[in-house]
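Visitor: The following comprises the amino acid sequence and a computationally predicted model.
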There are 4 protein chains.
Amino acid sequence: MRSVLFGANAPMSTLAGPAGYSLPLSPSGAAAMITPPPWHFAGDVIMVDYRVDPDVARRFLPPELDLGDDPGAAAAVFADWQWCSDSGAELAEPARCQFTEFLILLACEYRGRPLARCPYAWVDSAVPMVRGWVQGMPKQFGEIHQTRPRTVGRAGPRPGGPGRYDGTLSVHGKRVAEATVRPDRRAGEPPALHAVPLVHTRFFPGWVESEEPVRQLVTSRVTDVEFGEIRTGPAELSLFDTVDADFPGLVPKETGAGYVFSYAETLCGGQEL
Amino acid sequence: MRSVLFGANAPMSTLAGPAGYSLPLSPSGAAAMITPPPWHFAGDVIMVDYRVDPDVARRFLPPELDLGDDPGAAAAVFADWQWCSDSGAELAEPARCQFTEFLILLACEYRGRPLARCPYAWVDSAVPMVRGWVQGMPKQFGEIHQTRPRTVGRAGPRPGGPGRYDGTLSVHGKRVAEATVRPDRRAGEPPALHAVPLVHTRFFPGWVESEEPVRQLVTSRVTDVEFGEIRTGPAELSLFDTVDADFPGLVPKETGAGYVFSYAETLCGGQEL
Amino acid sequence: MRSVLFGANAPMSTLAGPAGYSLPLSPSGAAAMITPPPWHFAGDVIMVDYRVDPDVARRFLPPELDLGDDPGAAAAVFADWQWCSDSGAELAEPARCQFTEFLILLACEYRGRPLARCPYAWVDSAVPMVRGWVQGMPKQFGEIHQTRPRTVGRAGPRPGGPGRYDGTLSVHGKRVAEATVRPDRRAGEPPALHAVPLVHTRFFPGWVESEEPVRQLVTSRVTDVEFGEIRTGPAELSLFDTVDADFPGLVPKETGAGYVFSYAETLCGGQEL
Amino acid sequence: MRSVLFGANAPMSTLAGPAGYSLPLSPSGAAAMITPPPWHFAGDVIMVDYRVDPDVARRFLPPELDLGDDPGAAAAVFADWQWCSDSGAELAEPARCQFTEFLILLACEYRGRPLARCPYAWVDSAVPMVRGWVQGMPKQFGEIHQTRPRTVGRAGPRPGGPGRYDGTLSVHGKRVAEATVRPDRRAGEPPALHAVPLVHTRFFPGWVESEEPVRQLVTSRVTDVEFGEIRTGPAELSLFDTVDADFPGLVPKETGAGYVFSYAETLCGGQEL
């Protein structure tokens, strides 16, 4: 495979010919759908710890990873994001800097190092979806909605107060996930699967005859992690058999605590395991 | 016109036949698209005061209203709502209890009583749209997005702090409105056009031969008004000629202050002027 | 209730004050969301005859109607429409002149006259939704998709040939209806419930204290009905319990023939029964 | 870059670990967002020939390509597709097998071989978007709508007859392209830029430190090309400056003929130039 030109942080080619951090390539590089990292994210998260069948979880892991010391630990994560590049330019167009996301996370380890594996992810916007594929995150398209706390009135819980937080995911017009969290106290620390790095398989299908796909195990380089107050309480989680033949293997065997918190990070790039 | 049965707060008929507060009528009334008031709203508002040509504003007013003592005063309002009925049941389904809205407001008076007239309104969801028509609010379908403050990270302004708040409206794939507010201080009181009642014309086209349309001038009965901290600062506002032949008459002659605040109210019903 | 001004076919008031066939009212009437009838429709239809519990069907009928001589006859209809006003102006903007629709129809009679009652309807676009309410059709918002025949290639059935036609309806991110029709022969005549007039209840909730809702039983005045070749064959139909407490009463007890055809009509207005 | 495992036509790994033609990888491969080629497409096309500034066109070409003997020849293409894999399984879910597309094409040559270069492409659905990136087609997300011919009624042109066909593209709530074609005669042959292969740059950004992006010039292996009747006539085309700083370089200097036709092809894979 020919593989040339510029590194991850070089937004534009110095060669003749159109350039850009991603497709579409164009004379100045301005057409690129994806801006180069770092990308700054700030969002509100509703998260539910749960447990899956460890045998199934293992079959979702690449051979380099194992289940670690808490086999079957999993989580479902709803997030309502705002993001921007270093310039902050995207913030001027709210439709482009906002997206919602749903993830499933599985506990795993690489040579004893605790990590989280994301077998399924959905977002409601194209730029975060493609940006996910750049880093190996298997993002597909879905409709994700979640309760927003309100500082006034009766239509929603007060930030930091009691009340219920709901999240829903629908894909292709079918309901896939529903969660409810009723936070009733402050959590001492972040939920376990939100406190370890994600490990992804970057994977691009081959296209020309006999070409092998790109396949690369990576973690992300993340800085400026910031948590708001983390509140926790009882939770409910349902995953429905409306996705594919493998998805039902990840339905909850048991549901644990729920969490509600704000979270920010800066994503700088990847590194091979 | 036959006009029978039950009052505004009676959700269901006692007659034989299907019932409901609105269409679709069904045996138990459970199919009704609209639940009966009261409706509780809590949202985040980005608002810009501006001025239109008073002669144009007058032509948007029904004959019972006049421009009052500040002819040409207008405002553009972006709002990000969560709502529920008295039971709160809608809150369990975030996709159904959230919507976004854009309004234009014109200052007016009825017999010396200051009011606001809404010549154009857009929402991104069907239930609020039809509910608007029930009360005479001329809601159409649009895509509205606005900056959300973030309590962590770099991707958005801190609640109560400086920064920029943007709002955009697109309708049928064309940009209609853009606003930017840079709040830099606390406002002493709510923006004028958010502090007076709205006056709407309930209007349902006739359908059977020679039937006259329903036409009724009303204000809303609102309780439990609550404002969060109101912040104000310089603003920009653009309205584009992409709607209809009358819309360009309402573009800004001058742009005034901008406001950012949270707001809640309960809408109980209407009353004739 | 004040009820003044102009008849169903008068698009604009001669009074002082803003005008229009519908909200929004504006100086010239140009802002109206709905254009006055006649409206010309041309579409592709996938339809499945089925049977419901007659006792349930009766409870969906207003007292003026009865079940007639085929109690429990019902149909599910998917349609892919293009429409325009007399001027044809809407056709220049394909996003605005196209919509998709799903209906349930129940056989009924008014004093021996066979009619069809539509207890539920969904469309994917706001103008047809509001236009439905003008005429008493209980249209809500949904995502409707259906197979399009293709004159070339392998990805779809040939017009007039064999193959399968599928239709799906999702509402609020949940699947509501699925149908498959495998036409294998020409039908002698249109399906029964597509050959009789629809009877609707125009119904607008009251708003001011003690106001009664508008409630009026009407049929539509339709001209220029045109059918393309009607093909028929075996069909499957599933309705899911994802709508409301009354909807499950209308699930199929038995599924009959399916139909695929093109259809056009002009809708001119309504008439009281 | 590690690059292992299986070729373009091997849908599933025999290694331990999750597999699939694309992300998401899963135990059986069933979760893959993209099914392996061949992919069968059948659609309706509205196309307008136009001319751009040749100097700008050249700057959109990679250095291996030149403008050929008709510098500045370009086309805008609207298409309304249905697609399926070899099994045809996707056709049972119309929402998943249908998508709309807008392309800009530029005439170019590789060592004297006439080709077409696609600097910009938009689709309305996630699977075709990612599949575009697999093959180097720079697909982004947009709303594309186009006139559908109707065999009955007044709301649309008759297939094979006169009338107007319109296409529109909006991206991020702004209008980007509008075209109108008024076919008045049969065309002798397909439009030039629809009769030559597309040449794409497969391009995946690097991610780990110092990694170079994948960059590969390819054409597609296409079989089973089928054209329906091709009709041609006068056309209009507008491209608006609402995309990025490079896009305005491709606005029409001159607009040529328009075309309306049905088209099918099977896409089997790629080959390096």
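Guide: The structure has been received and is ready for your questions.

Visitor: gap between A:R185 and A:P27?
Guide: Between A:R185 and A:P27 the computed distance is 57 Å (C-beta to C-beta, to the nearest Å). No exception for glycine: its C-beta is placed from N, CA and C like everyone else's.

Visitor: out of these two, which sits in the more crowded spot?
Guide: Using other C-beta atoms under 10 Å in any protein chain shown, the more surrounded residue of A:R185 and A:P27 is A:P27, with 19 against 9.

Visitor: phi, psi of that one?
Guide: phi -50, psi -40 (degrees, to the nearest 10).

Visitor: And it, how close does it get to D:G72?
Guide: In terms of C-beta to C-beta, A:P27 sits 15 Å off from D:G72.

Visitor: And for A:Q216?
Guide: Noted for A:Q216: a distance of 41 Å to D:G72, by C-beta to C-beta.

Visitor: neighbour-wise, which of these two wins?
Guide: The residue with more neighbours, out of A:Q216 and D:G72, is A:Q216; 21 against 18, by other C-beta under 10 Å.

Visitor: Which residues are in contact with the nearest residue to that one once chain neighbours are set aside?
Guide: Leaving aside its chain neighbours, A:Q216 sits nearest to A:R202 (4.3 Å; criterion: C-beta to C-beta, 6 or more residues apart in numbering or on different chains). Going by C-beta atoms under 8 Å, 6 or more residues apart in numbering or on different chains, A:R202 touches A:134-136, A:214-218, A:270, D:207.

Visitor: in which helix or strand would I find A:R202?
Guide: strand A:198-204 (DSSP states H and E).

Visitor: Past that strand, which element shows up next along the chain?
Guide: strand A:214-227.

Visitor: Pairing partners for that following strand, with directions?
Guide: Paired neighbours of strand A:214-227 in the sheet (DSSP bridges): strand A:198-204 (antiparallel), strand A:254-272 (antiparallel).

Visitor: Just the mean pLDDT for the first one, thanks.
Guide: Confidence for strand A:198-204, expressed as mean pLDDT, is 97.

Visitor: now do stretch A:35-45
Guide: 97.

Visitor: near chain B at all, that stretch?
Guide: Yes - against chain B, stretch A:35-45 shows contacts by C-beta under 8 Å from any C-beta of the partner chain at A:40-43.

Visitor: The most centrally placed residue in chain A and chain D, how far apart?
Guide: For chain A, the residue nearest the mean C-alpha position is A:L103 (5.4 Å; C-alpha atoms, centre = their mean). Distance check for A:L103 against chain D: by C-beta to the nearest C-beta, to the nearest Å, it reads 11 Å.

Visitor: how about the strands of the stretch 51-200 of chain A, start to end?
Guide: A:73-85, A:98-110, A:113-123, A:139-141, A:143-146, A:165-171, A:174-181, A:185-186, A:198-204 (DSSP state E, counting those that start in this stretch).

Visitor: Serialize the ones you listed to CSV and add fields for distance to B:D244.
Guide: Shown next, in CSV, are those (distance: least, C-beta to C-beta, whole Å):
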stretch, distance to B:D244
strand A:73-85, 33
strand A:98-110, 29
strand A:113-123, 35
strand A:139-141, 33
strand A:143-146, 31
strand A:165-171, 34
strand A:174-181, 38
strand A:185-186, 53
strand A:198-204, 47
